[in-house]
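Asker: Sequence below, structure please.
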Amino acid sequence: MILTVTPNPAIDWTVTTDTFAFDAVNVATESTREASGKGINVSVALRRNGVPTRALFPAGGGTGVFMREQLAGMGVDAVVVPSGAEVRTNITLRVPGHAGTKINEPGAPLGEDLAQRLIDAVRVVLSEALAASDGVTTLALCGSLPPGAPEGFHPALVRLGRELGAAVVVDASGEVLSRALAAGPGLVKPNVHELAAETGRELRTVGDVVDAAREVLTRGSGAVLASLGADGMVYVDAGHALHGWARDVRVLNTVGAGDASLAGFLAARDGGAEPAGCLASAILYASSAVGHTTTLFDVDPELRDRITVTDAPDTTRPLSEPAKG
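Answerer: Numbering: from 1, shown residues only. Got it, this is the predicted structure:
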């Protein structure tokens, strides 16, 4: 079972227009609202593809009710910790010819009391899951922290997961990622820009990414899963350095592709796959996701034949989207 924790959940409001102009009235051709936030997105993708999961997050008010009802309608088991505050709204503007423009609210403050109640809730849910499971139970800590969050929030959850015997995954960036690394998570999932920022390196080639990932291993993580956009993904642990990519993928919307890739990786690992199979699954999920206009997607099995994973990466291969630390 995979338990996702989203300390800063959101309602994703996606608005599509045929054209867009500032200082003018723009008419939407489509508008959708979805329960979201990185960990929630991961749980939704897992549930849609038959993988056991629970999504834990704080929420309150009418938007909290909306989140709970939406997830229930999708069959996602939600563990809602009452926050007394409305859930933020993130806006995505889709205009033909553009990948998507986002406007994200910061989220309701996460004070010491609520942070501790989230940690206590994770302990209860994770303990129950571990007691009922004869396989790997994963704790995935996903997304940004809202204002006021204690600096020790992620390290405390990483240590809790390790203490209880769960496989701990962190999908975060900046200082949140740095602090979590010191507690020793089993896997971190930065994108190429987050990896560059974490290591202070300039990443221009696949080899640069592999080297930066190896540096992150020395800082406490057991493995690194790095997403490179159109250049695929790299997975590095003590015994592997893998590069995978897909070809001829239709791209309609890149929002949520990183969450989809993590879901794919965890789904395969939950099923007992080796790292190469997990990486291929991550790319399959991400490639399926970008072909949809919202974050809701089903895996497209026809994409499997377009995915390549190698354990001998071409370290000189240039990145189409280099990153500076």
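Asker: Below-threshold pLDDT in the stretch 101-250 of the chain: ranges please.
Answerer: When residues are selected by pLDDT under 70, none of them lie in the stretch 101-250 of the chain.
Asker: centre of the chain versus stretch 94-107, how much separation?
Answerer: 17 Å (Cα atoms, centre = their mean, to the nearest Å).
Asker: quick one: contacts for the residue positioned nearest the centre of the chain?
Answerer: Residue closest to the average C-alpha location in the chain (Cα atoms, centre = their mean): Asp259, at 3.3 Å. With contacts defined as Cβ atoms under 8 Å, 6 or more residues apart in numbering, Asp259 is in contact with Lys38, Asn41, Val42, Ala45, Cys142, Asp171, Ala289, Thr295. Glycine gets a C-beta too; all of them are placed from N, C-alpha and C.
Asker: Among those, which lie within helices?
Answerer: Lys38, Asn41, Val42, Ala45, Ala289 (DSSP state H).
Asker: Put together CSV for the residues you listed, with distance to Gln116 and neighbour count on each row.
Answerer: Below are the ones in helices among the contacts of Asp259 laid out as CSV (distance: Cβ to Cβ, whole Å; neighbours: other Cβ atoms under 10 Å):
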residue, distance to Gln116, neighbour count
Lys38, 22, 26
Asn41, 25, 30
Val42, 24, 33
Ala45, 29, 29
Ala289, 34, 30
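Asker: so Asp211 touches Arg201, yeah?
Answerer: Yes. With contact defined as Cβ atoms under 8 Å, Asp211 reaches Arg201; the gap is 7.4 Å.
Asker: Pro146: which of the ones in helices among the contacts of Asp259 is nearest?
Answerer: Lys38 (12.8 Å; Cβ to Cβ).
Asker: Isn't that closest one up against Val169?
Answerer: No. Lys38 is beyond contact range of Val169, at 11.2 Å (criterion: Cβ under 8 Å).
Asker: which among the ones in helices among the contacts of Asp259 gets closest to Ala85?
Answerer: Using Cβ to Cβ, those come closest to Ala85 at Lys38, 18.8 Å.
Asker: where does the closest one land on pLDDT?
Answerer: Per-residue confidence (pLDDT) for Lys38: 95.
Asker: separation between it and Gly229?
Answerer: 17 Å (Cβ to Cβ, to the nearest Å).
Asker: Mind giving me the packing neighbours of the helix ranked longest in the chain?
Answerer: In the chain, with assignment by DSSP H, the single longest helix is helix 112-132. If you count contacts as 3 or more Cβ pairs under 8 Å, 6 or more residues apart in numbering; DSSP states H and E, helix 112-132 packs onto strand 2-5, strand 53-59, strand 77-82, helix 153-164.
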